[in-house]
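> quick one: sequence and predicted model below, then my questions.
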Amino acid sequence: MNARPVGAVRRKGPRWAGDYVGVDGKRRTAYGATKGAASTDRKARIDRENDGGPATDARVKFATYVETVIAEWFADDEITFSTTTSYAGLLRNRVVPSLGKLPLAEIRPQHLRELYRTLRPQLTTSTMRSIHAALRKLFKAAVRDSLLTRSPMESVERPRQIAAPQPVKHWEGDEYARVIAALQADDQRALWMFIAGTGVRISESIGLRWDDVDLDGGLATIANIRHRVGGTIQEGLPKNHAIRPLELPPIIVAELRRHLLATKEARLALGPGWTDSGYVFTTPIGTPLDDSNTRKAFDRVLARAGVEKIKGKGPHALRHSLATEGFARGHDTATIGSMLGHKNKATTETVYIHATQQRRREAAADIAGSIFG
């Protein structure tokens, strides 16, 4: 069968998209920054397939293919908007300057290893691993598009941790008590108590809707986030696309009941001036919270408490304090990681290495003591 167009070129996210059926009967999509560009690319793909070639020209420069794939990622919502934005920035700023002029089909594992050797002294392990993930995803798309028979990333190792992970900074002792007291005295106490008492991320807390809260059952479902990306508030699935149940401690359930009553009273008092957004935590007129403004509000609370801000953390430091407190009280890594929404146990152990090491020391001392008396 011949490849053929399907439907009209249409808007899809920030780009234009044109569907077509390939010679193998599978439906594909061509993208472009403009309607005309998408239409031209679709026609070129169809012509190439009908002439017996791949949909995309294998001689395309790496830089050009990067833009094609980035457009697909943004349009298809296969990964979150923030992750796509991050990958796009890393590819454009860190990879394309070195490999952009090479034809995609000529890139070999040694090119990528040399790139890693060049970037390694400049970047953190976390950033290097993000670049690695972006490249794996990009070359996987190239194999899917029949541009390559094998991804060069199959022979490139994931960057290893060079320096020992540093303990996460958090509040403890009297300083932590002062933070909690100040948060409970603030107008947004329900929000702060929810974050401090459950360990959720700020984007998860301000994205929480009443429809996802069961106060009678003591449960919430973390299914939506709100965060600022590139100057725009975006909504979507939680990190790693992991929708998860969240057990609510009795004290948090009681606080949410108080907050719900206060919300209803505000709605009645404002009448048509109230916006019924459906979010649990809102502005005084019911509109959704902005994560940037919420972080600034948190900083003001810390200032009133006379507690120094932990650089780069903001409300996220409450998450670290909760996890550290949980380890100190003997709760296991799997339980803490599940509460925090970590993808796997290794993530929890790496982030909270200071706490897990201390537990191992205590266990070793306890076991040796029982053996040798």
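Happy to help now that I have it.

> from now on I want contacts and neighbour counts done on CA atoms only, so please keep to that.
Noted.

> all strands of the protein, in order?
Along the chain, counting by DSSP state E, strands occupy 4-12, 15-21, 27-32, 213-214, 219-222, 225-229, 232-236, 244-247.

> tell me which of those strands lies nearest to Ser130.
Between Ser130 and the strands of the chain, the shortest gap by CA to CA is with strand 225-229, which sits at 17.1 Å.

> does anything pack onto that closest one? Which helices or strands?
With contacts taken as 3 or more CA pairs under 8 Å, 6 or more residues apart in numbering; DSSP states H and E, strand 225-229 sits against helix 81-90, helix 202-206, strand 232-236, helix 291-305.

> returning to that earlier point: and Arg267, which of the strands of the chain is closest to it?
The closest of those to Arg267 is strand 213-214. By CA to CA, the value is 19.0 Å.

> packing partners for that closest one?
Packing contacts for strand 213-214, counted by 3+ CA pairs under 8 Å, 6+ apart, involve strand 219-222.

> can you tell me what sits against the strand it packs on?
The contact list for strand 219-222 (CA atoms under 8 Å, 6 or more residues apart in numbering) reads Glu204, Leu208, Asp212, Val213, Asp214, Pro238, Ile243, Arg244, Pro245, Leu246, Glu247, Leu248.

> show me what the fifth one is bridged to.
Spelled out, it's Asp214. Leu219 (DSSP bridges).

> if I look at the residue sitting nearest the centre point of the chain, how far off is His342?
The centroid of the chain falls nearest to Lys239 when counting by CA atoms, centre = their mean (4.0 Å). Distance, Lys239 to His342, by CA to CA, to the nearest Å: 9 Å.

> go on, Asp187?
Counting by CA to CA, the gap from Asp187 to His342 is 30 Å.

> try Ala38
To His342, Ala38 is 39 Å away according to CA to CA.

> ok, now Ala33?
Distance, Ala33 to His342, by CA to CA: 36 Å.

> do I have it right that Arg189 meets Ala181?
No. Arg189 is not in contact with Ala181 according to CA atoms under 8 Å; the separation is 9.8 Å.

> low-confidence regions, the stretch 101-250 of the chain specifically.
The model of the stretch 101-250 of the chain has pLDDT under 70 over residues 162-168, 230, 240-241.

> ok, the stretch 251-373 of the chain next?
Checking the stretch 251-373 of the chain against pLDDT under 70 turns up 312-313, 345-347, 349-373.

> re the thing from before, neighbour count: Arg189 and Ala181, which is higher?
Using other CA atoms under 10 Å, the more surrounded residue of Arg189 and Ala181 is Arg189, with 17 against 13.

> between Ala38 and His342, tell me which one has more neighbours.
Applying other CA under 10 Å to Ala38 and His342 shows that Ala38 carries more neighbours, namely 23 against 16.

> residues in contact with the more buried one?
Shown in contact with Ala38 (CA under 8 Å, 6+ apart): Val9, Trp16, Ala17, Gly18, Ala30, Tyr31, Gly32.

> leaving out sequence neighbours, find the closest residue to it.
Among residues not flanking Ala38 along the chain, Gly32 sits closest, at 4.0 Å (CA to CA, 6 or more residues apart in numbering).

> and that neighbour, how many residues sit next to it?
Gly32 has 24 neighbours, counted by other CA under 10 Å.

> okay, it and Trp16: tell me how far apart.
5 Å.

> phi and psi next, for Arg120.
Backbone geometry at Arg120, expressed as degrees, to the nearest 10, gives phi -50, psi -50.

> ok, back up a step: adding distance to Leu261 and mean neighbour count, write the helices and strands packed on strand 225-229 out as JSON lines.
Listed next are the helices and strands packed on strand 225-229 as JSON lines, based on distance: least, CA to CA, whole Å; neighbours: other CA atoms under 10 Å:
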{"stretch": "helix 81-90", "distance to Leu261": "34", "mean neighbour count": "18"}
{"stretch": "helix 202-206", "distance to Leu261": "18", "mean neighbour count": "23"}
{"stretch": "strand 232-236", "distance to Leu261": "26", "mean neighbour count": "15"}
{"stretch": "helix 291-305", "distance to Leu261": "22", "mean neighbour count": "16"}
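
> among those, which is nearest Thr282?
helix 202-206 (7.6 Å).

> centre of the chain to that closest one, how far?
In terms of CA atoms, centre = their mean, to the nearest Å, the centre of helix 202-206 is found 12 Å from the chain centre.

> ok, now stretch 299-319?
For stretch 299-319, the separation from the chain centroid amounts to 22 Å (computed by CA atoms, centre = their mean).

> list the residues that contact the nearest residue to Thr68 once chain neighbours are set aside.
Leaving aside its chain neighbours, Thr68 sits nearest to Tyr31 (7.1 Å; criterion: CA to CA, 6+ apart). With contacts defined as CA under 8 Å, 6+ apart, Tyr31 is in contact with Arg15, Trp16, Ala17, Gly18, Ala37, Ala38, Asp41, Arg42, Thr68, Ala71, Glu72.
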